[in-house]
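Novice: I would like the atomic coordinates for the input below:
(chains A, B and C)
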Amino acid sequence: MNRHWIIGLLLLAGAGLSWAIPRYELLNPYLQATLMYLGINIILATSLNLINGYLGEFSVGHAGFMAVGAYVSAILTVMLIPVGAAIWRFPLAILAGGGAAALTGLVVAIPAFRTRGDYLAIVTLAFAMIVKSALENINAIGGPRGLLGIEGLSTMPWIFAWTVLSVWVIRNFVYSNPGRGVLAIREDEVAAELMGVNTRWVKIRAFMIASFFAGVAGGLFTHLLQFISPRIFDITKTTDILVMVYLGGVGSIGGSIMGASLFTVLQECLRPLGVWRMVIMPLLLILLMLFRPRGIMGLRDFPWFRPSVECPQRPPEIHHS
Amino acid sequence: MTPWLQANNVGHHFGGLSAISGFNLELRPGELVGLIGPNGAGKTTVFNLITGVYRAAEGSIQFQGRELVGLTPWIISGLGIARTFQNIRIFKQLSVLDNVRIAYYQHARYSLAEALLHLGRYRREERRLTQSAMEILGLLHLEAYADEQADSLPYGLQRRLEIARALATGATLLLLDEPAAGMNPVEVGQLMEFIGWIRRQFNLTILLIEHQMRLVTGICERVLVLDFGVTIAEGRPDEIQNNAQVLEAYLGQAEDG
Amino acid sequence: MAYLFQQILNALQLGSIYALIALGYTMVYGIMTMINFAHGDIFMVGAFLCFVAATVLGLPFIPALLLSMTGCALLGVVIERLAYKPLRNAPRVSAVITALGVGLVLEHLTLVFSPYPRHVPALWSSATWHVGGVTLSSLQALIIVLSVLLMVLLDWLVRRTMLGLAIRAISWDRTVAAIMGVPVDAVISLTFAIGAALGGAAGFLYALAYPVIDPYMGVIVGWKAFIAAVVGGIGNVRGAMLGGFILGAVEIMVAAFLPSTYRDLIAFALLFTLLILKPYGLLGQPRPQKV
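Specialist: I've put the predicted structure just below:
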C-alpha cells in the first residue's frame, strides 16, 4: 500500500524538469507557457474545491480573490519591494498577495456564513463584482486600463514549487482534524455542530485558506502574464475555475489536478475550432453534469494521496463484551 | 446528590404555537429516564432545547450546575452532552471511522498550522485519535466496517454507529431519540441489553425518547409523560402504565387517528 | 427639481427592465430552489430576437415583442427539459453548474452568428414630450407601462390562480404536491416558460431603449438582476420587483451625481450591505429547518 516513495520520485523528476525545460529549451515557449498556466490552474481548482467540494458550499468569487492577490503582489514587486531584496522579493510578494486575499476572504466569510444554502453564492457574486469595479476606479493602479511593466518573475521552477506546496497544504488540511470538521459540515451541518464542531469558525477558516491560495495563484498569474487589468478577473474567469473543479470532481484533490489538466489541454486542442471551442467546452460540462454529476473523481481520491497515519491500524488486543 | 441535568420551568414556542411549557426535569447521575408521549407532544423539542439547537424562550437548563440556555450546540457538546436522532443523521458519505473521528473534534490537541504542514503533534495525535476511534468501534462490534462508507451499512448498524459517534465525544449524558424505531422484537431485546451495557461501560446518564413501551418499562427507572408540551405524569414505569391521564393521552390520540 | 424628476423617470425605465429579469430568477428559484444562471442569457436572446425581428423579418412592434417572448419561452422550456429536468434528484449544485454551462453555450452560439455588436433599429417611431424641463419619450412611457402591466399580470397569476397555488405547493414539497395531483412536470415547465418570456420581454425592451447589443450583454445585467431578486427576497415575486426598482434607482442616481464609473461599484456595495443586513431579503422569510 505504501507508495509514498513514488510521489517523492515524481516530485524530484518534476523539479528537475521544471529547471531543465526552460534552461535547455526542451519545449517551445508556447508549450512552456501552457505548462505554467496549468500549474496556476491546478492551484485555483484545488483551492476552490475546498469550498465547493469539501465544504459543499457554492462560491463564485474565486476570481475576485485571485484579483486581490494579483494586484497586491504586482504592486509590491513593481513599486514597493526594492530589487535589492533579491531572491526573497518574489516569494514575499506572492505570500503577501495570498495573505491579502485571505484577509479579504475573512471579511467576506464573516457575514456570508451567517445563513446557509445559496447565500454564499450570492454574497461572493456581489463581492466579485465589487472587486472588479473597485479596481476599475483606482487610478493609481491603472484603473480600467490595468497595470503594465510587471516583471516576468514567475519562472517554471517557481510555479512548480508553489503548485506542489499549495496542493500539499490543501491535502494536509483535508486530511486533518480541522479538515474533517469541514467534511462533517458538508454531510450534515446540524449533526456536525452537535458533535462539537464549531461550524461557523470551521467554515470561515476553510474559506480563508481557499482565498489564500486563490491569491497565490493570482500573484503567480500576474507575474507570468506581466500585465493585469480588472477585466481579466471577471465572471468568465470564475466560470473557468468552476468548470475545472466540476470536471475533475468535487471533494477530490486528484480530481482537481485532473480537471485543471483536462481543461487546459482541451482548451489548447480545441483552439483551431475558434469560437466553436467556446460552445463545445460548456457543452461538455453540461453532458458531464447530466451523466456524472460529481465529476470524474467525485468524492474519491487516489489512495496514495492520503497520509499514512490516516489509515487505521487495527489494534489486535481488543476484547468484545 | 446534585442533579446531573436540571431543567426548570422551560418553555418554548414556534410562532404563536407553544411547543413546551413549564417543563421540569431532574436527572441524577447514572439514571436512565424515559421520555414518552404521543406524536407531536414536544419530546424532540426537549432534546433540541437541551442540546442548544433551539434556544429556550423561558426557564433554565443546567448541566452539572452550569447554565446551558444561550450556549451553542458545539459548546454544549464539549461539556459532555451527546445525542442521536430520530431519523439517523450519520455523515453518510464519510467512512465509518471518520464518523467517529469527527466526534473527537474537540479532543485533538494540535493547531491549524500543524494540521496544514503535518508537523509537530499532528502525527502522534492523529494516531491516538484513530486508535481511540478503532477501540470504540471495536467495543460496538463495528471495527470490521471502519473503511466502509457509512450509508452502506445496514440500518441497525447505522443506528449503532450513531451511538458510537455520540459516545466518542466523551459525553456523560446521552440523549437517545427513539433508538428502537424500525426494529423488530428480537432487535429491541438486543437493544435493551446494549443500552444497559453502554451505560455501565461508559458511566452514562441516559435520557431516551421511545414509543416502544416494552423498552421503556424494561430498562427505564423513571418515566416522564409529555402531552401537548406539558408533563402530565411522572413516575416509575409501572405507575405510569396505570395512570388515567396517560391512558387518555394515548387512547384519545388513537381515536383521532 | 426637473433634473431629479428626469432621473426618476430614467430610474423607472431601467428598474422595470431589471424587475422583469429578476422575476424570472425568483420564479425558478421559488419553485425549484435553483439559481438559473442561464437566465441572463435568455434575456440576451430576447434582445437578439428583437434585432432579428426588426431587421431580417421587418416585423412591426407587437409581433416583434411576441416573437421575443414566445421565442424565449420556448427556449426556456427546452433548456428545462433537456438540461435541468434530468438533474432534479442530483445534488443541487449540479443543476446550477449546468445552468452556467447553458448560459455559456447560449452566449457563444450567439457569438458564432454575430461576432460584432449589433445596432437595433427603432421599432417605434418615438414621440417626445417636454413637460416643465422633463423629457418623456413615448418609448420610455411604453417600457414602463408594459413592464408594470406584465408584473401586475404575473402577480395576479401567482396569487389568485390555480397555477399560482400549484407553484407554491411544488416549492414547499414536490413529492407531496405530486401525490396531491399537481401535474408537477407541466407546472415546472410552465414556470420556466413564464420566467423566460418575461426575460425575453425585458431583452426586447432593453434593445429598444439601449440599442447596441452584444452576446455578453446578458451576463452583467443578468447577475445584477439576480442580486436584485435576492435583495427583494428570492422566491418572492413582489420582492423581485422591489429589488429591480431599487437597483435601477441606485444606478441612475449614482450615475447622475457621481462619475459614471462608480455606478457598478456603489450599486454592488449597496446590495452587498443590504444582503448582510437582511440575509433573506427585504420581503423574504427564512424557511424553518426541521431537526
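
Novice: where does chain A dip in pLDDT?
Specialist: Residues of chain A meeting the criterion pLDDT under 70: A:1-3, A:81-86, A:115-117, A:308-321.

Novice: one more pass at 50, please.
Specialist: Chain A contains residues with pLDDT under 50 at A:1, A:314-321.

Novice: can you check chain C too?
Specialist: Across chain C, nothing is flagged by pLDDT under 50.

Novice: kindly recompute the last result at 70.
Specialist: For chain C, the ranges with pLDDT under 70 are C:287-291.

Novice: quick one: the strands in it, in order.
Specialist: C:118-119, C:128-131, C:134-137, C:212-213 (DSSP state E).

Novice: who wins for proximity to chain B among the ones you listed?
Specialist: Ranking those by their distance to chain B (criterion: Cβ to the nearest Cβ) puts strand C:212-213 first, at 45.3 Å. For glycine as for every other residue, the C-beta is placed from the backbone atoms N, C-alpha and C.

Novice: quickly run through the sheet partners of the closest one, with directions.
Specialist: Using DSSP bridges, strand C:212-213 pairs in its sheet with strand C:118-119 (antiparallel).

Novice: so who does the nearest residue to residue B:33 once chain neighbours are set aside touch?
Specialist: Distances taken as Cβ to Cβ, 6 or more residues apart in numbering or on different chains put residue B:222 closest to residue B:33, at 4.7 Å, once the chain neighbours are dropped. By Cβ atoms under 8 Å, 6 or more residues apart in numbering or on different chains, the contact list for residue B:222 reads B:31, B:33, B:34, B:234, B:235, B:236, B:237.

Novice: please see if stretch A:241-255 touches chain C.
Specialist: Yes: among the residues of stretch A:241-255, A:242, A:243, A:246, A:250 lie within reach of chain C under Cβ under 8 Å from any Cβ of the partner chain.

Novice: what are the ranges of the helices in the stretch 151-291 of chain C?
Specialist: C:162-172, C:174-179, C:184-209, C:217-232, C:237-257, C:262-277 (DSSP state H, counting those that start in this stretch).

Novice: where does residue B:40 sit: helix, strand or coil?
Specialist: Following DSSP: H, G, I helix; E, B strand; the rest coil, the label given to residue B:40 is coil.

Novice: give me the neighbour count for it.
Specialist: 14 (other Cβ atoms under 10 Å in any protein chain shown).

Novice: wait, what's in contact with it?
Specialist: residue B:228.

Novice: centre-most residue in chain A?
Specialist: Nearest to the mean C-alpha position of chain A, by Cα atoms, centre = their mean, lies residue A:44 at 2.2 Å.

Novice: still on that earlier bit, so which of the residues of stretch A:241-255 next to chain C belong to strands?
Specialist: Going by DSSP E, the strands hold none of those.

Novice: out of those, which sit inside helices?
Specialist: If you go by DSSP state H, the residues of stretch A:241-255 next to chain C have A:242, A:243, A:246 in helices.

Novice: out of those, who's nearest residue C:27?
Specialist: residue A:242 (24.2 Å; Cβ to Cβ).

Novice: please tell me how far residue C:19 sits from residue B:232.
Specialist: The gap separating residue C:19 from residue B:232 is 54 Å, by Cβ to Cβ, to the nearest Å.

Novice: comparing the two, which residue is more hemmed in?
Specialist: More crowded of residue C:19 and residue B:232, by other Cβ under 10 Å: residue C:19, with 30 against 17.

Novice: my read: that one touches residue C:237, true?
Specialist: No: contact criterion Cβ atoms under 8 Å: residue C:19 and residue C:237 do not qualify, at 10.1 Å.

Novice: sorry, back to before: which of the contacts of residue B:222 has the most neighbours?
Specialist: Of the contacts of residue B:222, with other Cβ under 10 Å as the count, residue B:34 tops at 24 neighbours.

Novice: you'd agree that residue is up against residue B:224?
Specialist: Yes: taking contacts as Cβ under 8 Å, residue B:34 lies within contact range of residue B:224: 7.1 Å.

Novice: now the strands for the stretch 101-250 of chain B?
Specialist: Listed in chain order, the strands of the stretch 101-250 of chain B (DSSP state E, counting those that start in this stretch) span residues B:173-177, B:205-209, B:222-227, B:230-235.
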